[in-house]
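Participant: here is a sequence with its predicted model. Questions after.
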Amino acid sequence: MSTVSNSTNIFWQDCQVGRPERQKLLNQKGCVVWITGLSGSGKSTLACSLSRELYTRGKLSYVLDGDNLRHGLNKDLGFLPEDRTENIRRTGEVAKLFADAGLICVASLISPYRRDRDNCRAMLPDANFIEVYMNMPLQLCEARDPKGLYKLARAGKIKGFTGIDDPYEPPINCEIEIKHDDGVCPTPTVMAGQVVTYLEKKGFLEH
Ligand SMILES: Nc1ncnc2c1ncn2[C@@H]1O[C@H](COP(=O)(O)OS(=O)(=O)O)[C@@H](OP(=O)(O)O)[C@H]1O
Ligand SMILES: Nc1ncnc2c1ncn2[C@@H]1O[C@H](COP(=O)(O)OP(=O)(O)O)[C@@H](O)[C@H]1O
């Protein structure tokens with residue numbers, strides 16, 4: 001699908017209440033925390049834990065989860081490379097709107113292709129895209145297999161499953177990497193803490 005606009009004679013409409021005013025109201029700065037990694041690597045777990053931690057600190061966030069978006073906005077998309085690319089593009093555009101609204105938008109999708117993630121990064125002002133890589137080995141994700149999808153993929157019942165017969169391209173220069181230690185993963189609270197510390201240090205949790 002082309003990302004070139006088909007519309008002509010369109011004009012940008014500005015309002016008096018803009019991003020600075022919304023950020024002041026919320027006492028935070030809008031940004032996108034983009035969590036990428038294999039299925040079962042802990043993306044949704046981190047997204048929910050982070051959202052809860054921010055909530056307890058009085059900070060407004062919103063989680064865009066790949067699985068959930070595929071029930072609505074992206075329900076017409078499958079898992080072919082071009083569908084995944086469109087899935088990420090749409091989600092990037094929505095995330096950009098949430099960040100513009102002044103929220104800390106937490107996007108949690110496999111987003112297996114580096115170029116797609118970089119395109120989302122390019123949609124946002126510098127430093128407002130925080131890429132978090134769930135660096136978990138395939139064996140760990142497969143052992144977890146909470147939805148039984150790896151089992152189906154290994155049995156050839158799902159084709160093009162990320163990590164099995166579809167690629168995952170790890171980030172080269174992500175802002176945050178969540179690592180395991182000999183197959184042991186940090187707890188959800190510790191993972192969320194790592195992201196909160198980053199957001200604090202970079203000034204996103206104040207106006
Ligand atoms: N073929 C294939 N490959 C990978 N994942 C698959 C596939 N088919 C279904 N699923 C389920 O879809 C969830 C991933 O959706 P995403 O929108 O995050 O995928 S992507 O970013 O477009 O690659 C993913 O959710 P998570 O396990 O939370 O990652 C799976 O439950
Ligand atoms: N830090 C963690 N420690 C222990 N178990 C975890 C951790 N993160 C995730 N899990 C478990 O691993 C499974 C997959 O996590 P999930 O967040 O659904 O991954 P993803 O969204 O990447 O598919 C779930 O059963 C979850 O409870």
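Facilitator: Happy to help now that I have it. Ligands and ions are numbered 1, 2, ... in the order given.
Participant: phi, psi for the nearest residue to residue 121 once chain neighbours are set aside please.
Facilitator: Using CB to CB, 6 or more residues apart in numbering and skipping residues adjacent in sequence, the residue nearest residue 121 is residue 129, 4.2 Å away. Placement of C-beta: from N, CA and C, glycine included. Taking degrees, to the nearest 10, you get phi -110, psi 110 for the backbone angles of residue 129.
Participant: same check on the one 5 residues further on?
Facilitator: Main-chain dihedrals, residue 134, degrees, to the nearest 10: phi -80, psi 90.
Participant: distance from the chain centre to the lengthiest helix in the chain, please.
Facilitator: Scanning the chain for the longest helix, with DSSP state H as the assignment, gives helix 81-100. How far helix 81-100 lies from its chain's middle: 9 Å, per CA atoms, centre = their mean, to the nearest Å.
Participant: which helices and strands does it pack with?
Facilitator: Applying 3 or more CB pairs under 8 Å, 6 or more residues apart in numbering; DSSP states H and E, one finds that helix 81-100 makes contact with strand 31-36, strand 61-65, helix 66-69, strand 104-108, helix 114-123.
Participant: show me what from the chain comes close to ligand 2.
Facilitator: Neighbours of ligand 2 within the chain, by CB under 6 Å from any ligand atom: 37, 39-45, 144, 146, 185-188, 191.
Participant: circling back to that earlier point, wait, isn't the residue nearest to residue 121 in contact with residue 31?
Facilitator: Yes: here residue 129 reaches residue 31: they are 7.4 Å apart, a contact under CB atoms under 8 Å.
Participant: show the contacting residues for residue 30.
Facilitator: Listed by CB atoms under 8 Å, 6 or more residues apart in numbering, the contact partners of residue 30 are 19, 22-23, 98-105, 128.
Participant: need those residues in CSV (columns: neighbour count and pLDDT).
Facilitator: As requested, the contacts of residue 30 are exported to CSV (neighbours: other CB atoms under 10 Å; pLDDT from 0 to 100):
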residue, neighbour count, pLDDT
19, 14, 96
22, 16, 98
23, 19, 98
98, 21, 98
99, 23, 98
100, 17, 98
101, 15, 98
102, 23, 98
103, 23, 98
104, 27, 98
105, 26, 99
128, 18, 98
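Participant: now, which of those residues sits nearest ligand 1?
Facilitator: When these are compared for distance to ligand 1 (CB to the nearest ligand atom), residue 105 wins out at 15.2 Å.
Participant: how near is residue 70 to residue 85?
Facilitator: 14 Å (CB to CB, to the nearest Å).
Participant: what's the answer for residue 48, then?
Facilitator: Counting by CB to CB, the gap from residue 48 to residue 85 is 26 Å.
Participant: more neighbours: these two, which one.
Facilitator: Neighbours per residue (other CB atoms under 10 Å) separate residue 48 from residue 85, with residue 85 holding more: 19 against 16.
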